[in-house]
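Novice: Prediction below, plus the sequence it came from.
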Amino acid sequence: MKKLFFSIGIALFFIGCSEQNNRKTEVVKTDEPEEIAVSVEDKEKRSFYPIPSPEQMFTFINDNGLKYNKELILGVSLSGDYNDPTHKALVFGIYTADLAYAAAYQDVESTIKLYKTVRTLSSELNIEELITEEMMQNMQANMENPDSLALIAGDSYYRAVEYLESNGQESKLALMSLGGWVESVHITLSAMEDVDMNSDAVERIASQKITFGNLYTYLKNNEEELGIKGELEKVQPIRSVFAGIIEGNSGKAIKSKSGKLVFGRGKEIQITKEQYAALKSAIEIYRAQIVAQKS
Amino acid sequence: MKQVIFFTVIIFSALSAKAQIECSQYHKKECSDKEGVFMKYDGQSKSAIMAKGQKSEFHLVAYNAQDYRITVCNESNLGNEVRFKIYEKQKVFAKPKADEVLEEVFEDDGATDDYSEDDYSEDDYDDYSEDDYTEDAYSEEVAVTAVKRGPQFKLVKELLYDNSQNGYNPKIEFTAEGSMSLIIEVTVPGSDSGMKLKVREKGCVGVLIERTASQRTGF
């Protein structure tokens, strides 16, 4: 037992040292063996996939003049209806996207409500550290400054991503990301009235083929956990729509006359009216499946 | 003795987890350039612990009409010649002849630098390969080519930028004309020291991505 306390004490000492300024690794090194048994597997090539950020989508549609519609947000009263971990993580993603939406459009009242909802759900998912009491207070203090709401909401999303990645909870992160991505596309598609197929907003929707591709890969990489395999089956209709969307020619790096570096394509990712409608339908069906599966 | 080994493992696991968490914020703390044009933080930014001689890929989506700044920074023990290349992932339509072995169709065209198809095929992205994608939507093309034993599309990556050609400059700014799927391949210099790594051979590498809407010109 003494040995146990001694060892824990040493561990805490090392961790304490590592918390000091500038990562004083030389202090730690003196007591460490010359070599640490780290597998060569650590040196293998690793791939990191981007987690779609709802904040990025909503900033874009706001800048492009799409109107805010509060009705598109999932009611916060439903947040307590989901008990199984898979749906709780998906719904958590939906609410984080709703939070980003409300914050991007400076809907203070909804932002505060959603922030509380996200905090409760994160606690139930054992990731409560991502929204601290201090952050809640910060949010309350910034009600008078709507611009900062979006920043705080965005920051909490990135904290969630970092926390889950750092703690080996990639499966939860994958589901959260899926829920968040579906919600952000649902809101964007629903907010578009009199759709102009040549608009920047439609082009951004078509570009989601790339975003979804990365997300799909991330889900596949974690498919053995937390019911992800089942969700992969459910998103096949979305995948099929994207499969039909034509991508442009290859990218080239060009220096313009001003010396600016441009990565360009011959043509854009093109979505037809039919594909647009099919995507909207597939997204709505899948979102309805997530929301309906209370347990 | 067993207890000593057990607790040693616990100690280093704790340290490793701690380092991982600290490292996750590295790009925010160390990569930002306060002197450059103001750009928004992009959530695709990331940090990771890398070892000397290690190579990692960071996938990124660049959207049309956005200006991007990518800054790669690292802890000093990893040296000041961390190399990064930017590739674009793209699909190539292939029409293999009936008797050809599929791999022979996808020869490196030289534009992709030291990339080889074999390397890429090991990548996880293959799970999302275009041959899967073609099942429904590209069924007509499948019928035309009448090839049942292999994919008609293959993912390749084309080199767009290599910072070793620019004095290992850790920063690049570019405009995206068209949305594209990019890979930032980061390589930490140094050779493999054998089966074990020393602590000093590992460190944080951050990839900070910032963006802003490209300003349209003209009246």
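Specialist: Good, I have the coordinates. Owing to the predicted nature of the structure, the values given are computational and were not obtained by experimental measurement.
Novice: gap between residue B:72 and chain A?
Specialist: Residue B:72 sits 13 Å away from chain A, going by CB to the nearest CB, to the nearest Å. The C-beta positions use only the backbone N, C-alpha and C, and glycine is treated the same way.
Novice: So for that residue, what's the pLDDT?
Specialist: pLDDT for residue B:72: 96.
Novice: Sketch out the low-pLDDT regions of the chain for me.
Specialist: All of this refers to chain A. By pLDDT under 70, the low-scoring segments of chain A are A:1-44, A:128-131, A:143-144, A:146-147, A:248-251, A:257-258, A:265-267, A:294-295.
Novice: ah, I was thinking of chain B
Specialist: B:1-21, B:92-153, B:192-199, B:215-219.
Novice: Going along the chain, name the helices of chain B.
Specialist: Taking DSSP state H as the criterion, chain B carries its helices at B:2-23, B:26-30, B:102-105, B:117-121, B:130-137, B:139-145.
Novice: residue in the stretch 51-200 of chain A nearest to chain B?
Specialist: residue A:53 (3.7 Å; CB to the nearest CB).
Novice: ok, the residue nearest to that residue when sequence neighbours are not counted - contacts?
Specialist: Once flanking residues are discounted, residue A:53 sits nearest to residue B:43: 3.7 Å by CB to CB, 6 or more residues apart in numbering or on different chains. Going by CB atoms under 8 Å, 6 or more residues apart in numbering or on different chains, residue B:43 touches A:50-51, A:53, A:55-56, A:154, A:157-158, A:161.
Novice: ok, how many other residues are close to residue 47?
Specialist: Using chain A here. Using other CB atoms under 10 Å in any protein chain shown, residue A:47 has 17 neighbouring residues.
Novice: try again with chain B
Specialist: For residue B:47, using other CB under 10 Å, the count is 28.
Novice: and it, bridged to which residues?
Specialist: residue B:206 (DSSP bridges).
Novice: Quick check, residue A:152 in contact with residue A:137.
Specialist: No. Counting by CB atoms under 8 Å, residue A:152 sits too far from residue A:137 to count as a contact (10.9 Å).
Novice: what about residue A:287, helix or strand, and which?
Specialist: Per DSSP states H and E, residue A:287 falls inside helix A:273-292.
Novice: residues of that helix that come out buried?
Specialist: By 16 or more other CB atoms under 10 Å in any protein chain shown, the buried positions in helix A:273-292 come out as A:275-276, A:278-280, A:282-283, A:286-287, A:290-291.
Novice: do stretch A:49-66 as well
Specialist: By neighbour count on 16+ other CB under 10 Å, the buried set for stretch A:49-66 is A:49-62, A:66.
Novice: Go through the residues you listed and say which is closest to residue A:81.
Specialist: residue A:54 (21.6 Å; CB to CB).
Novice: Just list the residues touching the residue of the stretch 51-200 of chain A closest to chain B, thanks.
Specialist: Residue A:53 touches A:100, A:154, A:157-158, B:42-44, counting by CB under 8 Å, 6+ apart.
Novice: hmm, try it at 10 Å
Specialist: For residue A:53, the contacting residues are A:59, A:96-97, A:100, A:154, A:157-158, A:161, A:177, A:180-181, A:184, A:211, B:41-44, B:61, by CB atoms under 10 Å, 6 or more residues apart in numbering or on different chains.
Novice: contacts with chain B among the buried residues of helix A:273-292, please.
Specialist: Counting by CB under 10 Å from any CB of the partner chain, the subset of the buried residues of helix A:273-292 that neighbours chain B consists of residue A:275.
Novice: Strands of chain A, residue ranges please.
Specialist: Counting by DSSP state E, chain A has strands at residues A:46-48, A:252-255, A:261-264.
Novice: With chain B in mind, check whether stretch A:55-66 reaches it.
Specialist: Yes. Contact between stretch A:55-66 and chain B, assessed by CB under 10 Å from any CB, occurs at A:55-57, A:59-60, A:63-64.
Novice: can I get the strands of chain A in TSV with distance to chain B?
Specialist: Below are the strands of chain A laid out as TSV (distance: least, CB to the nearest CB, whole Å):
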stretch	distance to chain B
strand A:46-48	5
strand A:252-255	4
strand A:261-264	4
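Novice: Now render those as CSV, adding distance to residue A:219.
Specialist: Formatted as CSV, these follow (distance: least, CB to CB, whole Å):
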stretch, distance to residue A:219
strand A:46-48, 14
strand A:252-255, 31
strand A:261-264, 27
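Novice: so which of those comes closest to residue B:22?
Specialist: Per CB to CB, nearest to residue B:22 of those: strand A:46-48, 17.4 Å.
Novice: For the contacts of residue B:43, work out which two are farthest apart.
Specialist: A:50 and A:154 (14.8 Å).
Novice: Could you export the helix holding residue A:287 as CSV, CA atoms only?
Specialist: Taking only C-alpha atoms (Å, rounded to 0.1, in the frame of the first residue of the first chain), the coordinates of helix A:273-292 have been written out as CSV:
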residue,chain,number,x,y,z
LYS,A,273,-32.0,20.9,-59.0
GLU,A,274,-33.0,17.2,-58.7
GLN,A,275,-29.9,16.4,-56.6
TYR,A,276,-30.6,19.4,-54.4
ALA,A,277,-34.1,18.2,-53.8
ALA,A,278,-32.9,14.6,-53.2
LEU,A,279,-30.3,15.8,-50.7
LYS,A,280,-32.8,17.9,-48.9
SER,A,281,-35.2,15.0,-48.6
ALA,A,282,-32.4,12.6,-47.5
ILE,A,283,-31.3,15.0,-44.8
GLU,A,284,-34.8,15.6,-43.5
ILE,A,285,-35.5,11.9,-43.3
TYR,A,286,-32.3,11.1,-41.5
ARG,A,287,-32.8,14.0,-39.1
ALA,A,288,-36.3,12.9,-38.4
GLN,A,289,-35.0,9.4,-37.6
ILE,A,290,-32.5,10.8,-35.1
VAL,A,291,-35.1,13.0,-33.4
ALA,A,292,-37.8,10.3,-33.3
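Novice: same for it, what does it pack against?
Specialist: helix A:85-104, helix A:170-191, helix A:200-221, helix A:228-234, helix A:236-243 (3 or more CB pairs under 10 Å, 6 or more residues apart in numbering or on different chains; DSSP states H and E).
Novice: any idea which of these is most buried?
Specialist: Among the helices and strands packed on helix A:273-292, judged by mean count of other CB atoms under 10 Å in any protein chain shown, the one packed with the most neighbours on average is helix A:85-104 (a mean of 27).
Novice: Output the contacting helices and strands for that one.
Specialist: helix A:54-63, helix A:108-124, helix A:146-166, helix A:170-191, helix A:228-234, helix A:273-292.
Novice: Direction-wise, compare it with helix A:170-191 and give the angle.
Specialist: Interaxial angle of helix A:85-104 relative to helix A:170-191 (axes from the mean of the first three to the mean of the last three CA atoms, to 10 degrees): 50 degrees.
Novice: Helix A:85-104: how far from the chain's middle?
Specialist: Here helix A:85-104 shows a centroid-to-chain-centroid distance of 9 Å under the convention CA atoms, centre = their mean, to the nearest Å.
Novice: Let me know the angle separating it from helix A:146-166.
Specialist: With the same axes, to 10 degrees applied, the angle from helix A:85-104 to helix A:146-166 works out at 150 degrees.
Novice: before we move on, the earlier item: more crowded one of residue A:152 and residue A:137?
Specialist: residue A:152 (21 against 10).
Novice: I'd like to check which residues are in contact with that one.
Specialist: Applying CB under 10 Å, 6+ apart, we find residue A:152 in contact with A:99, A:103, A:111, A:115, A:131, A:135-136, A:138-139, A:141-142, A:145.
Novice: Out of those, which end up buried?
Specialist: Among the contacts of residue A:152, those classed as buried by neighbour count (16+ other CB under 10 Å) are A:99, A:103, A:111, A:115, A:131, A:135-136, A:139, A:142.
Novice: would TSV of those residues with distance to residue B:211 be doable?
Specialist: Converted to TSV, the buried ones among the contacts of residue A:152 look like this (distance: CB to CB, whole Å):
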residue	distance to residue B:211
A:99	21
A:103	18
A:111	23
A:115	25
A:131	25
A:135	24
A:136	29
A:139	25
A:142	24
